[in-house]
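Student: quick check, what structure comes out for this input:
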Amino acid sequence: MNRGFALVLLALACAPQNSGTTVSASPNSLTRAEDSAGWKLLFDGTTTTGWRGYRSQTVPDNWSVSNGVLQVAAGKEGDLITRDQYRNFDLMLDWKVDPGANSGIMYRGLETEDYIWRTALEMQILDDARHSDGKNPLTSAGSLFALYPAPRGVVKAAGEWNTARLLVQGNHVEHWLNGTRLFEYELGSDDFRARVAASKFKSMPNFGKAPSGYIGLQAHGDHVEFRNIKIRTLP
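Tutor: Take a look at the predicted model:
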(Lines give C-alpha, C1' and ligand atoms only; values in the text may rest on other atoms or scores of the structure.)
Protein backbone atom coordinates (compact mmCIF):
# COMPACT_ATOMS: atom_id res chain seq x y z
CA MET A 1 0.00 0.00 0.00
CA ASN A 2 1.23 3.51 -0.82
CA ARG A 3 2.53 5.17 2.37
CA GLY A 4 0.73 8.45 1.72
CA PHE A 5 -2.58 6.66 1.17
CA ALA A 6 -2.02 4.61 4.32
CA LEU A 7 -1.53 7.81 6.33
CA VAL A 8 -4.74 9.25 4.93
CA LEU A 9 -6.60 6.10 5.98
CA LEU A 10 -5.08 6.45 9.44
CA ALA A 11 -6.25 10.05 9.66
CA LEU A 12 -9.75 9.03 8.65
CA ALA A 13 -9.81 6.28 11.23
CA CYS A 14 -8.71 8.66 14.00
CA ALA A 15 -11.06 11.47 13.02
CA PRO A 16 -14.12 12.36 15.07
CA GLN A 17 -17.13 10.18 14.28
CA ASN A 18 -18.92 10.69 10.94
CA SER A 19 -15.83 12.17 9.21
CA GLY A 20 -16.96 15.74 9.47
CA THR A 21 -19.59 16.16 12.15
CA THR A 22 -18.52 17.69 15.44
CA VAL A 23 -19.22 15.27 18.28
CA SER A 24 -17.69 17.06 21.27
CA ALA A 25 -19.58 16.70 24.54
CA SER A 26 -20.12 20.49 24.49
CA PRO A 27 -19.05 23.29 22.13
CA ASN A 28 -15.35 24.12 22.09
CA SER A 29 -14.30 21.03 24.00
CA LEU A 30 -12.80 17.66 23.19
CA THR A 31 -14.24 14.28 23.93
CA ARG A 32 -12.02 11.80 25.72
CA ALA A 33 -11.59 9.90 22.44
CA GLU A 34 -10.53 13.04 20.59
CA ASP A 35 -8.03 13.92 23.28
CA SER A 36 -6.58 10.41 23.18
CA ALA A 37 -6.30 10.61 19.38
CA GLY A 38 -4.16 13.75 19.59
CA TRP A 39 -6.70 16.46 18.78
CA LYS A 40 -6.25 19.89 20.33
CA LEU A 41 -8.45 22.96 20.43
CA LEU A 42 -7.45 26.03 18.42
CA PHE A 43 -10.25 28.02 20.07
CA ASP A 44 -11.06 27.70 23.77
CA GLY A 45 -14.48 29.34 23.52
CA THR A 46 -13.61 32.39 25.61
CA THR A 47 -10.42 34.00 24.26
CA THR A 48 -8.39 34.48 21.06
CA THR A 49 -5.37 32.76 22.58
CA GLY A 50 -3.30 31.14 19.83
CA TRP A 51 -4.41 33.62 17.17
CA ARG A 52 -3.16 36.96 15.85
CA GLY A 53 -3.68 39.25 12.91
CA TYR A 54 -2.06 38.68 9.54
CA ARG A 55 1.36 40.39 9.62
CA SER A 56 0.56 41.61 13.12
CA GLN A 57 1.21 40.39 16.65
CA THR A 58 -2.19 41.50 17.89
CA VAL A 59 -5.76 40.47 17.10
CA PRO A 60 -7.56 42.91 14.76
CA ASP A 61 -10.43 44.77 16.43
CA ASN A 62 -12.92 43.31 13.95
CA TRP A 63 -12.58 39.93 15.69
CA SER A 64 -14.23 39.14 19.03
CA VAL A 65 -15.49 36.28 21.20
CA SER A 66 -19.04 36.13 22.53
CA ASN A 67 -21.10 33.26 23.93
CA GLY A 68 -18.57 30.62 22.90
CA VAL A 69 -18.29 31.92 19.33
CA LEU A 70 -15.34 33.49 17.53
CA GLN A 71 -16.80 36.10 15.19
CA VAL A 72 -15.72 38.68 12.66
CA ALA A 73 -17.68 41.90 12.35
CA ALA A 74 -19.26 43.14 9.15
CA GLY A 75 -17.82 46.13 7.33
CA LYS A 76 -14.18 45.62 8.30
CA GLU A 77 -11.23 43.63 7.01
CA GLY A 78 -8.27 42.10 8.82
CA ASP A 79 -7.63 38.37 8.59
CA LEU A 80 -6.91 36.17 11.60
CA ILE A 81 -4.14 33.54 11.57
CA THR A 82 -2.79 30.93 13.95
CA ARG A 83 0.38 31.73 15.85
CA ASP A 84 1.76 28.31 14.91
CA GLN A 85 2.41 26.96 11.43
CA TYR A 86 1.17 23.55 10.29
CA ARG A 87 2.43 21.13 7.68
CA ASN A 88 0.38 17.92 7.83
CA PHE A 89 -2.87 18.13 9.73
CA ASP A 90 -6.52 17.25 10.13
CA LEU A 91 -8.54 20.41 10.83
CA MET A 92 -12.21 20.68 11.76
CA LEU A 93 -14.37 23.68 12.56
CA ASP A 94 -17.96 24.88 12.51
CA TRP A 95 -18.91 28.02 10.61
CA LYS A 96 -22.11 30.04 10.20
CA VAL A 97 -22.70 32.98 7.88
CA ASP A 98 -25.16 35.83 7.69
CA PRO A 99 -27.28 36.04 4.53
CA GLY A 100 -25.06 36.84 1.56
CA ALA A 101 -21.84 36.53 3.57
CA ASN A 102 -18.42 35.45 2.30
CA SER A 103 -15.29 34.20 4.11
CA GLY A 104 -12.71 31.44 3.84
CA ILE A 105 -10.42 29.02 5.64
CA MET A 106 -6.82 29.59 4.55
CA TYR A 107 -4.14 26.94 4.93
CA ARG A 108 -0.39 26.70 4.36
CA GLY A 109 -0.29 30.47 4.15
CA LEU A 110 2.79 32.66 4.51
CA GLU A 111 3.28 36.32 5.46
CA THR A 112 5.47 37.18 2.49
CA GLU A 113 2.73 39.02 0.57
CA ASP A 114 0.30 41.84 1.31
CA TYR A 115 -2.56 39.34 1.56
CA ILE A 116 -2.54 35.76 2.78
CA TRP A 117 -4.58 34.56 -0.23
CA ARG A 118 -1.59 35.27 -2.46
CA THR A 119 0.20 32.27 -0.91
CA ALA A 120 -2.46 30.25 0.92
CA LEU A 121 -4.99 27.76 -0.38
CA GLU A 122 -8.57 28.65 0.52
CA MET A 123 -11.60 26.56 1.36
CA GLN A 124 -14.50 28.85 0.50
CA ILE A 125 -17.06 29.86 3.13
CA LEU A 126 -20.20 31.30 1.56
CA ASP A 127 -23.94 31.74 1.52
CA ASP A 128 -24.38 30.03 -1.84
CA ALA A 129 -28.02 31.05 -2.16
CA ARG A 130 -27.49 34.80 -1.93
CA HIS A 131 -23.88 35.55 -2.88
CA SER A 132 -22.95 35.80 -6.56
CA ASP A 133 -19.99 33.43 -6.04
CA GLY A 134 -22.51 30.73 -5.17
CA LYS A 135 -23.61 30.56 -8.81
CA ASN A 136 -20.29 28.98 -9.79
CA PRO A 137 -19.22 25.63 -8.24
CA LEU A 138 -15.59 26.80 -8.49
CA THR A 139 -16.27 29.59 -6.01
CA SER A 140 -19.14 28.14 -3.98
CA ALA A 141 -19.00 26.93 -0.39
CA GLY A 142 -16.44 24.18 0.16
CA SER A 143 -14.52 24.74 -3.06
CA LEU A 144 -10.78 25.24 -3.29
CA PHE A 145 -11.42 28.80 -4.35
CA ALA A 146 -11.31 29.23 -8.14
CA LEU A 147 -9.56 25.87 -8.64
CA TYR A 148 -11.62 22.82 -7.58
CA PRO A 149 -15.44 22.93 -7.56
CA ALA A 150 -17.70 21.84 -4.73
CA PRO A 151 -20.75 19.66 -5.44
CA ARG A 152 -24.20 21.09 -4.91
CA GLY A 153 -26.57 20.24 -2.08
CA VAL A 154 -24.05 19.88 0.76
CA VAL A 155 -23.82 23.35 2.31
CA LYS A 156 -26.50 24.47 4.77
CA ALA A 157 -28.41 27.72 4.56
CA ALA A 158 -27.25 31.01 6.04
CA GLY A 159 -27.85 31.07 9.78
CA GLU A 160 -27.17 27.34 10.18
CA TRP A 161 -23.94 25.75 11.38
CA ASN A 162 -21.78 23.93 8.83
CA THR A 163 -18.90 21.64 9.77
CA ALA A 164 -15.81 21.90 7.60
CA ARG A 165 -12.88 19.52 7.55
CA LEU A 166 -9.50 19.84 5.86
CA LEU A 167 -7.20 16.82 5.65
CA VAL A 168 -3.71 17.81 4.49
CA GLN A 169 -1.00 15.12 4.27
CA GLY A 170 2.05 15.94 2.16
CA ASN A 171 0.68 16.89 -1.26
CA HIS A 172 -2.64 15.13 -0.67
CA VAL A 173 -5.57 17.36 0.32
CA GLU A 174 -9.22 16.58 0.99
CA HIS A 175 -12.09 19.03 1.49
CA TRP A 176 -15.03 17.81 3.59
CA LEU A 177 -18.29 19.58 4.45
CA ASN A 178 -21.03 18.34 6.76
CA GLY A 179 -19.72 14.78 6.70
CA THR A 180 -19.34 14.60 2.91
CA ARG A 181 -15.99 14.49 1.14
CA LEU A 182 -16.34 17.12 -1.57
CA PHE A 183 -13.15 16.28 -3.50
CA GLU A 184 -9.46 15.51 -3.17
CA TYR A 185 -6.45 16.82 -5.05
CA GLU A 186 -2.67 16.63 -5.20
CA LEU A 187 -0.61 19.77 -4.74
CA GLY A 188 1.99 20.19 -7.47
CA SER A 189 0.35 17.66 -9.79
CA ASP A 190 -0.07 18.38 -13.49
CA ASP A 191 -3.77 18.88 -12.91
CA PHE A 192 -3.21 21.31 -10.04
CA ARG A 193 -0.63 23.34 -11.98
CA ALA A 194 -2.91 23.52 -15.02
CA ARG A 195 -5.78 24.84 -12.91
CA VAL A 196 -3.55 27.46 -11.30
CA ALA A 197 -2.26 28.54 -14.72
CA ALA A 198 -5.84 29.12 -15.87
CA SER A 199 -6.79 31.14 -12.77
CA LYS A 200 -6.06 34.53 -11.24
CA PHE A 201 -3.29 32.86 -9.21
CA LYS A 202 -1.11 32.41 -12.31
CA SER A 203 0.56 35.76 -11.59
CA MET A 204 1.39 34.80 -7.99
CA PRO A 205 4.65 32.79 -7.98
CA ASN A 206 4.38 31.75 -4.33
CA PHE A 207 0.77 30.58 -4.43
CA GLY A 208 0.26 27.06 -3.06
CA LYS A 209 3.99 26.39 -2.85
CA ALA A 210 4.66 26.38 0.90
CA PRO A 211 5.13 22.92 2.48
CA SER A 212 3.83 24.36 5.76
CA GLY A 213 2.22 27.59 6.87
CA TYR A 214 -0.44 29.38 8.87
CA ILE A 215 -4.12 28.56 9.08
CA GLY A 216 -6.20 31.68 8.58
CA LEU A 217 -9.80 32.84 8.86
CA GLN A 218 -10.73 35.45 6.30
CA ALA A 219 -12.41 38.77 7.04
CA HIS A 220 -14.23 39.65 3.83
CA GLY A 221 -16.36 42.45 5.21
CA ASP A 222 -19.20 40.18 6.35
CA HIS A 223 -20.31 38.86 9.73
CA VAL A 224 -19.26 35.20 10.12
CA GLU A 225 -19.09 32.99 13.20
CA PHE A 226 -16.80 30.09 14.10
CA ARG A 227 -16.68 27.51 16.87
CA ASN A 228 -15.30 24.02 17.66
CA ILE A 229 -11.99 24.75 15.93
CA LYS A 230 -9.76 21.73 16.47
CA ILE A 231 -6.69 20.24 14.84
CA ARG A 232 -4.63 17.05 14.91
CA THR A 233 -1.13 17.14 13.51
CA LEU A 234 -0.18 14.22 11.24
CA PRO A 235 3.21 12.60 10.61
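
Student: which residues does the most centrally placed residue in the chain bridge with?
Tutor: Geometric centre of the chain, nearest residue: Ile105, 3.1 Å, by Cα atoms, centre = their mean. Counting by DSSP bridges, Ile105 forms beta bridges with Met123, Leu217.

Student: what segments of the chain are strands?
Tutor: 40-41, 51-53, 63-66, 69-72, 80-86, 89-97, 102-109, 121-126, 162-169, 172-177, 180-186, 213-217, 224-233 (DSSP state E).

Student: tell me which of those strands sits most buried.
Tutor: Most buried of those, by mean neighbour count (mean count of other Cβ atoms under 10 Å): strand 121-126, with a mean of 26. Every residue, glycine included, has its C-beta placed from N, CA and C.

Student: next up, the contacts around Gly159.
Tutor: Counting by Cβ atoms under 8 Å, 6 or more residues apart in numbering, Gly159 touches 96-99.

Student: actually, Arg118.
Tutor: 204, 206-207.

Student: and the lowest mean pLDDT element among the helices and strands of the chain?
Tutor: When each helix and strand of the chain is scored by mean pLDDT, DSSP states H and E, helix 3-14 comes last, with a mean of 50.

Student: of the contacts of Arg118, closest to Leu91?
Tutor: Nearest to Leu91, judged by Cβ to Cβ, of those is Phe207 at 19.8 Å.

Student: separation between that closest one and Asp222?
Tutor: Note on Phe207: its distance to Asp222, by Cβ to Cβ, to the nearest Å, is 24 Å.

Student: low-confidence bits of the chain, can you list those?
Tutor: 1-25 (pLDDT under 70).

Student: quick one: which of the strands of the chain is nearest Lys135?
Tutor: The nearest among these, by Cβ to Cβ, is strand 121-126 at 10.6 Å.

Student: pull the number of nearby residues for Lys200.
Tutor: Neighbour count of Lys200, defined by other Cβ atoms under 10 Å: 11.

Student: tell me which residues touch the nearest residue to it once chain neighbours are set aside, please.
Tutor: Once flanking residues are discounted, Lys200 sits nearest to Ala146: 6.4 Å by Cβ to Cβ, 6 or more residues apart in numbering. For Ala146, the contacting residues are 138-139, 199-201, by Cβ under 8 Å, 6+ apart.

Student: now the buried members of those residues.
Tutor: Those of the contacts of Ala146 that meet the buried threshold are 138-139, 201, by 16 or more other Cβ atoms under 10 Å.

Student: include distance to Leu91 when you put these into TSV, please.
Tutor: Putting the buried ones among the contacts of Ala146 into TSV (distance: Cβ to Cβ, whole Å) gives the following:
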residue	distance to Leu91
Leu138	22
Thr139	21
Phe201	22
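
Student: Gly109: which of these is nearest?
Tutor: The closest of these, once distances to Gly109 are taken by Cβ to Cβ, is Phe201, at 13.1 Å.

Student: for Ala158, see how far away the closest one is.
Tutor: On the measure of Cβ to Cβ, Phe201 and Ala158 end up 28 Å apart.

Student: again with Met123
Tutor: 17 Å.

Student: tell me which residues touch the closest residue to Gly109 other than its chain neighbours, please.
Tutor: Nearest-residue entry for Gly109: Ala120, 3.0 Å, with adjacent residues in sequence omitted and distances by Cβ to Cβ, 6+ apart. Residues near Ala120 by Cβ under 8 Å, 6+ apart: 106-110, 213-214, 216.
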